[in-house]
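>>> Could you work out the structure for the sequence below:
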Amino acid sequence: MFLERLNKLTDTLVKSGFDAAVVNPGATLTYLTGLSFHLMERPVILMCVPGKLPVLVLPELEKEKLKSLPFECQPYFFGDNPVDRNKAFAAAEESLILNGKKIAVEPIHLRFLELDYLKGMSPAATFVDGSVIFDNLRLCKDALEVDAMRKAVDIAQQAFNKLLPQVHVGMTERELANTLTMLLLQSGSDPELPFQVILSGGPNSANPHAVPSDRKLIEGDMVVVDWGASYSGYASDLTRTLVMGNPSEEQLAIARAVKAANASGRAAGRPGILAGDVDRAARKEIETAGYGPYFTHRTGHGLGMEGHEPPYMFAENEQILQPGMVYTVEPGIYLPGKYGVRIEDDVVVTSNGAETLSDLPRDLYVIK
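Numbers count the residues shown, from 1 in each chain. Reported below is the predicted structural model:
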């Protein structure tokens, strides 16, 4: 499987006019090798050149990891003395001869640290935005990847259902977020969650990416809960909205509009349509309900080994949906100074439509 992925990468490099690709620790490196490395003060770089063995430059302390590498590669190690790093990169250059070549990089992931060593190694090389390569490499998930994401969704839903009986007036956002984080881990999530739990109540719920605070929940609050689990390195991302006590007519109205938008956005997905069509389908419901100006973000984003990745569901995106693409549908309405509602589900494009991986109820959760 990993050799097939590497071959796909190198084939795409040739077709796109690149001579090589380099990646540092992150989802793409793990996708290609099955190995996980942390971003740290020591550089780690995978270099791929069509027709040559992949090269890894990495610290000696990571040597044991290579025993589980599922294909042959050429490693170059360095010790704790930073001076040794240049020797390892020089050996990699001697092996691959990248100087003067056009090299694809991940623009939102490659750090200055690694880039500086690469430029020192191959000063005449050109390092180019390789989004055309990397944005498509992991775009369509295979059955094993979708199964992992299905499990990540199941874990997230289990944790949320365990949280609900513990929610009460007087708890702080931070207490609830920490409790949900613990429940995610206890329910089987990988130790590294795809993102920090977003849990915001009252006026804070009108901020789509609020950070949990020490504000205590009170009667009448709407509470937006945005959370996800990770399983075998694949993410889920869900949102539901609670209300503390009986909801007002306005709260019910915006919740109905968001639920309708979520349903329309999910129903729109199928092979051959534009990503922007999903956004337009969801947005139309909220505009019809009179809350268009209060839906302040795109309808969704791709999901996989990262919490946010292509495809992105915004109105102007003309990317064509294909089977295996996984994305979120997460419309929201946010009334500044008052409250907000968001409902988010995870969707995979199938051969003739789209399947929603998540199935938690989408009505307001009334907490009494």
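>>> what's the pLDDT at M1?
In this model, M1 is scored at 87, pLDDT.
>>> roughly how far apart are it and P323?
Using CB to CB, to the nearest Å, we find M1 at a distance of 19 Å from P323. From N, CA and C alone the C-beta is placed, and that goes for glycine too.
>>> ok, these two, which is more surrounded?
P323 (15 against 9; other CB atoms under 10 Å).
>>> you'd agree the more buried one is up against C140?
Yes: using CB atoms under 8 Å, P323 is in contact with C140, at 6.8 Å.
>>> Where does the most centrally placed residue in the chain sit, in terms of helix or strand?
Nearest to the mean C-alpha position of the chain, counting by CA atoms, centre = their mean, stands G307 at 1.5 Å. Using DSSP states H and E, G307 sits in no helix or strand.
>>> repeat for P310
Going by DSSP H and E, P310 is in strand 309-313.
>>> Next: P75.
Per DSSP H and E: strand 74-78 holds P75.
>>> Can you show me the helices along the stretch 51-200 of the chain?
83-96, 112-121, 131-137, 143-163, 173-186 (DSSP state H, counting those that start in this stretch).
>>> ok, back up a step: I'd like to know how many residues surround the residue nearest to the residue nearest to the centre of the chain when sequence neighbours are not counted.
Distance criterion CB to CB, 6 or more residues apart in numbering; nearest residue to G307, sequence neighbours excluded, is P194 at 4.0 Å. Using other CB under 10 Å, P194 has 24 other residues around it.
>>> repeat for G245
13.
>>> picking that back up, contacts only, for the residue nearest to the centre of the chain.
194-195, 228, 235, 237 (CB atoms under 8 Å, 6 or more residues apart in numbering).
>>> Next: R283.
With CB under 8 Å, 6+ apart, R283 has these contacts: 261, 292, 295, 299, 315, 331.
>>> switch the cut-off to 6 Å
With contact set as CB atoms under 6 Å, 6 or more residues apart in numbering, R283 has no partners.
>>> Now it: phi and psi?
phi -60, psi -30 (degrees, to the nearest 10).
>>> tell me the pLDDT at it?
98.
>>> T299 now?
pLDDT, read off for T299, is 98.
>>> That one contacts Y312, doesn't it?
No: the pair T299 and Y312 does not pass the contact test of CB atoms under 6 Å, sitting 9.3 Å apart.
>>> more crowded one of the two?
T299 (30 against 18).
>>> Please report how far that one lies from P54.
38 Å.
>>> Next, count neighbours for P331.
30.
>>> For V348, which non-adjacent residue is closest in space?
V326 (4.7 Å).
>>> Next: P203.
Closest to P203 by CB to CB, 6+ apart is G337, at 5.4 Å.
>>> if we can go back for a sec, what pairs with the strand holding P75, and is each one parallel or antiparallel?
Neighbouring strands of strand 74-78 in its sheet, by DSSP bridges, are strand 55-59 (parallel).
>>> Let me know the secondary structure of the closest residue to Y294 other than its chain neighbours.
The spatially closest residue to Y294, leaving aside those adjacent along the chain, is I333, at 4.8 Å (CB to CB, 6+ apart). Classification of I333 by DSSP: H, G, I helix; E, B strand; the rest coil places it in strand.
>>> Help me confirm that I333 comes into contact with G292.
No: judged on CB under 6 Å, I333 makes no contact with G292 at a distance of 9.3 Å.
>>> which of these two has more neighbours?
Each of I333 and G292 has its neighbours counted (other CB under 10 Å); I333 has more, 24 against 14.
>>> which residues does the more buried one bridge with?
In beta-bridge terms (that is, DSSP bridges), I333 pairs with V341.
>>> So which bits of stretch 156-176 are buried?
Buried residues in stretch 156-176, counted by 16 or more other CB atoms under 10 Å: 156-160, 162-163, 167, 171-173, 175-176.
>>> now do stretch 202-217
Buried-residue list, stretch 202-217, by 16+ other CB under 10 Å: 202-206, 208, 210, 212, 215, 217.
>>> Residues in contact with it: which ones?
169-174, 177, 199-201, 221-222, 224, 244, 297, 334-337, 339-340.
>>> List only those of those flagged as buried.
For these, buried by 16+ other CB under 10 Å: 171-173, 177, 199-201, 221-222, 224, 244, 334-335, 339-340.
>>> Just the closest of the residues you listed to E93, please.
Within the buried ones among the contacts of stretch 202-217, the smallest distance to E93 is 46.7 Å, found for A177 (CB to CB).
>>> Does that closest one touch F195 like I think?
No: contact between A177 and F195 fails when scored by CB under 6 Å: they sit 11.6 Å apart.
>>> The stretch 201-350 of the chain: strands as residue ranges?
Applying DSSP state E, counting those that start in this stretch to the stretch 201-350 of the chain gives strands spanning 222-227, 230-231, 234-235, 238-244, 300-302, 309-313, 326-329, 332-335, 339-342, 345-349.
>>> Could you please name the strands the first one pairs with and the direction of each pair?
Spelled out, it's strand 222-227. Counting by DSSP bridges, strand 222-227 is paired with strand 198-201 (antiparallel), strand 238-244 (antiparallel).
>>> Give the rounded mean pLDDT of the first one.
Mean per-residue pLDDT for strand 198-201: 98.
>>> can you list the residues that contact it?
173, 176-177, 210, 212, 217, 221, 223-226.
>>> just the last one next, same as before
Outside strand 238-244, the residues within contact range by CB under 6 Å, 6+ apart are 156, 169, 217, 219, 221-226, 251, 330, 341-342, 344, 358, 364-367.
>>> so that strand versus helix 173-186, what angle?
140 degrees (axes from the mean of the first three to the mean of the last three CA atoms, to 10 degrees).
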